[in-house]
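Asker: please work out how this folds:
(chains A and B)
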Amino acid sequence: MLDIQLLRTNLDNVAERLATRGFKLDCAAFQALESERKTLQTRTQELQAARNSLSKQIGMLKGKGEDASAVMAQVAAHKDELEANELRLGELLKAFDAFLAMIPNLPHDSVPSGKSEADNVETKRWGTPRSYDFAVKDHVDLGEALGQLDFATAVKIAGARFSLMKGPLARLHRALAQFMLDTHIDQHGYTEVYAPYLVNAASLFGTGQLPKFEEDLFKLLRDDAEPLYLIPTAEVPVTNIVRDEILAPEALPMKMVCHTPCFRSEAGSYGRDTRGMIRQHQFDKVELVQIVAAEESLEAHEELTRHAEIILEKLELPYRRVTLCTGDMGFSSAKTYDLEVWLPAQNTYREISSCSNFESFQARRMQARYRNEKNKPELVHTINGSGLAVGRTLVAIMENFQNADGSITVPAVLRPYLGGLEKIQVV
RNA sequence: GGAGAGGUGGCAGAGUGGUCGAAUGUACCUGACUCGAAAUCAGGCGUACUGCAAGGUACCGUGGGUUCGAAUCCCACCCUCUCCGCCA
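Answerer: Presented below is the predicted three-dimensional model:
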């Protein structure tokens, strides 16, 4: 959520910056709401002040046993106007909230402007894609030939966009998550977190998934209780740890890592990535979250992105870093780096991690603050990124480390997690 | 599933219709004392909106209602806790 003061004082500038990300701010609607609010709020508060002081007089008169009917008549004279004003003001303030809740974050100045994915800027490339002296297979063909990846059975059990893994491949998947967690905990200084996979609407509002993106979520309706949602990412429960908190300055920075399954309905993505494990309703992800003081967030964002890159490097997976342009960024983000891993079967780089700095956007929605040097509550900045998406990492390993006979070489750093296994083959 | 209790400021905890935005304690900040600290004493200390300022307004789980006036009364909802049952 943006600071409403910024809209009041710099509306045109805000509108311009939002336009770069393809959002058309309805300035006229805002100004109409704002001018009505200002006069209405002033008048309402005058009436309330008068009522409060007259009511106080009534209390004093009655306390002394005197007649208060004259004063009561005075209050009654403005009763209808006050009630009408309060009603209208309530509606206006609600309209403001709804208006603000739908406005995306402002892009950081360093973000390249652009309309779509095509305008993203590649800023780094690591590793050289291997060359193969045989026809490469994709992970679906590889996994099914190994008898360890089975989409047909997953469809029977649950439906489209689910997968079933068995044997060493399932173990490799688990090993990946363990390896990522261990690296971030032992080498990057993160605290491991285990968090709920079901969250309430307030948490999803806090991180920006609600109200705008409800159709992307799996929702569980309950009798006699609020609905719960399956988390689309660990970002939601972990970032919301600090919702409605005023943190002591020494509590920052908070660096947390959390491995969870993620659930996305993928509504509106029919026909995209329907083959294989790239786009699933359920996938595992190791998520990095940092809660930092405002002036630290730019640097923390770089650091966190680097932590995700190191996983790819340890796994010997070629990747590139892309700075998302203004038009391609997520709703809540001020700046996003995507890490894209090389997939030989697709002969292209595909997103495997997305690292974003939200600045105070989520913090304002969450009311997450810390006490600054002046002991005043100030909004924290939030940063998160995948470190990494486990399912897609598995896909990348299968495709990049495949051999002519259809076996898959296990990257050296993962072997200790697989009892020393060097190669995944038919069992 | 059954029964009960409760939601008040950073925390603890008073407050059952009228100077209550809220006692008190604690934490925190400032000052005094001290070589320094502790202890003690004095003062300050919620959030947001609005105003140049003085000040004003709102907020005691959420939303309604009663009233001249609601933290306090009524209704609905949400959440938490305790006991019993069931259960990984």
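Asker: what are the buried residues along stretch A:104-112?
Answerer: Counting neighbours by 16 or more other C-beta atoms under 10 Å, one finds that the buried residues in stretch A:104-112 are A:104-108, A:111-112. No exception for glycine: its C-beta is placed from N, CA and C like everyone else's.
Asker: ugh, wrong one, I meant stretch A:24-36
Answerer: Judged by neighbour count (16+ other C-beta under 10 Å), stretch A:24-36 contains these buried residues: A:25, A:30, A:33.
Asker: then stretch A:243-250?
Answerer: A:243, A:245, A:247.
Asker: pick the one among the buried residues of stretch A:104-112 closest to residue A:220.
Answerer: Proximity of the buried residues of stretch A:104-112 to residue A:220, judged by C-beta to C-beta, is greatest for residue A:104, which lies at 27.3 Å.
Asker: helix/strand/coil for the closest one?
Answerer: At residue A:104 the chain is in coil, as set by DSSP: H, G, I helix; E, B strand; the rest coil.
Asker: which outside residues touch stretch A:193-201?
Answerer: Outside of stretch A:193-201, the residues that reach it under the criterion C-beta atoms under 8 Å, 6 or more residues apart in numbering are A:210, A:220, A:226-231, A:234, A:236-238, A:240-241, A:256-258, A:260-261, A:263.
Asker: before we move on, what about stretch A:204-211?
Answerer: Contacts made with stretch A:204-211 from outside it, assessed by C-beta under 8 Å, 6+ apart, are listed as A:98, A:101-102, A:201, A:216-217, A:229, A:232, A:235-236, A:239-240, A:243, A:330-332, A:358, A:361-362, A:365-366, A:368.
Asker: in chain A, where is pLDDT below threshold?
Answerer: Low-confidence regions of chain A, defined by pLDDT under 70, are absent; no residue qualifies.
Asker: who in it is up against RNA strand B?
Answerer: If contact is defined as C-beta under 7 Å from any atom of the strand, the residues of chain A in contact with RNA strand B are A:4-5, A:8, A:38, A:41-42, A:44-46, A:48-49, A:51-56, A:58-60, A:62-63, A:72, A:75-76, A:79, A:90, A:224-226, A:246, A:375-377.
Asker: of those, buried ones?
Answerer: Among these, those that count as buried by neighbour count (16+ other C-beta under 10 Å) are A:44, A:54, A:58, A:72, A:75.
Asker: redo those as JSON lines? Include secondary structure.
Answerer: As requested, those are exported to JSON lines (three-state DSSP):
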{"residue": "A:44", "secondary structure": "helix"}
{"residue": "A:54", "secondary structure": "helix"}
{"residue": "A:58", "secondary structure": "helix"}
{"residue": "A:72", "secondary structure": "helix"}
{"residue": "A:75", "secondary structure": "helix"}
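Asker: which one of those is nearest to residue A:282?
Answerer: Within these, proximity to residue A:282 (C-beta to C-beta) peaks at residue A:44, which comes in at 50.1 Å.
Asker: is the closest one in contact with residue A:83, as I believe?
Answerer: No. If you go by C-beta atoms under 8 Å, residue A:44 and residue A:83 don't touch, sitting 10.1 Å apart.
Asker: how about the strands in the stretch 51-200 of chain A?
Answerer: With DSSP state E, counting those that start in this stretch as the criterion, the stretch 51-200 of chain A has strands at A:121-126, A:191-192, A:198-199.
Asker: swap that for the stretch 251-400 of chain A, sorry
Answerer: Going by DSSP E, counting those that start in this stretch, the stretch 251-400 of chain A shows strands at A:254-263, A:282-292, A:319-323, A:335-343, A:348-359, A:369-371, A:377-379, A:381-389.
Asker: what about residue A:18, which SS state?
Answerer: Each residue gets one of three states, and residue A:18 gets helix by three-state DSSP.
Asker: OK, contacts around the residue nearest to it when sequence neighbours are not counted?
Answerer: Leaving aside its sequence neighbours, residue A:18 sits nearest to residue A:25 (C-beta to C-beta, 6 or more residues apart in numbering; 5.0 Å). Applying C-beta under 8 Å, 6+ apart, we find residue A:25 in contact with A:11, A:14-15, A:18-19, A:103.
Asker: for the residue of the stretch 1-150 of chain A found nearest RNA strand B, give its distance to residue A:66.
Answerer: Evaluated by C-beta to the nearest atom of the strand, the stretch 1-150 of chain A has residue A:59 as its residue closest to RNA strand B, separated by 3.0 Å. Going from residue A:59 to residue A:66 by C-beta to C-beta, to the nearest Å gives 11 Å.
Asker: got it, and residue A:134?
Answerer: Per C-beta to C-beta, residue A:134 is found 102 Å from residue A:66.
Asker: quick one: the helices in the stretch 1-150 of chain A?
Answerer: For the stretch 1-150 of chain A, helices defined by DSSP state H, counting those that start in this stretch occupy the ranges A:4-19, A:27-63, A:69-77, A:79-101, A:139-146.
Asker: distance to residue A:325 for these - can I get that in JSON lines?
Answerer: As requested, those are arranged in JSON lines below (distance: least, C-beta to C-beta, whole Å):
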{"stretch": "helix A:4-19", "distance to residue A:325": "13"}
{"stretch": "helix A:27-63", "distance to residue A:325": "24"}
{"stretch": "helix A:69-77", "distance to residue A:325": "59"}
{"stretch": "helix A:79-101", "distance to residue A:325": "24"}
{"stretch": "helix A:139-146", "distance to residue A:325": "29"}
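Asker: with adjacent residues omitted, what lies nearest to whichever residue of the stretch 251-400 of chain A sits closest to RNA strand B?
Answerer: Using C-beta to the nearest atom of the strand, residue A:377 is the residue of the stretch 251-400 of chain A that sits closest to RNA strand B, at 4.9 Å. When the adjacent residues along the chain are set aside, residue A:377 lies closest to residue A:369, with 4.2 Å between them (C-beta to C-beta, 6+ apart).
Asker: so what's the residue count around that neighbour?
Answerer: For residue A:369, the count of nearby residues is 19 (other C-beta atoms under 10 Å).
Asker: quick check: it touching residue A:376?
Answerer: No. Counting by C-beta under 8 Å, no contact exists between residue A:369 and residue A:376, whose distance comes to 9.1 Å.
Asker: give me the beta-bridge partners of residue A:322?
Answerer: Beta-bridge pairing of residue A:322, defined through DSSP bridges, involves residue A:122, residue A:338.
Asker: for it, give me its contacts.
Answerer: Taking C-beta under 8 Å, 6+ apart as the contact definition, residue A:322 lies against A:120-123, A:337-340.
Asker: the closest residue to residue A:310 other than its chain neighbours: neighbour count?
Answerer: Counting by C-beta to C-beta, 6+ apart, residue A:310 lies nearest to residue A:183, which is 7.0 Å off, once chain neighbours are set aside. The number of residues packed around residue A:183, counting by other C-beta under 10 Å, is 19.
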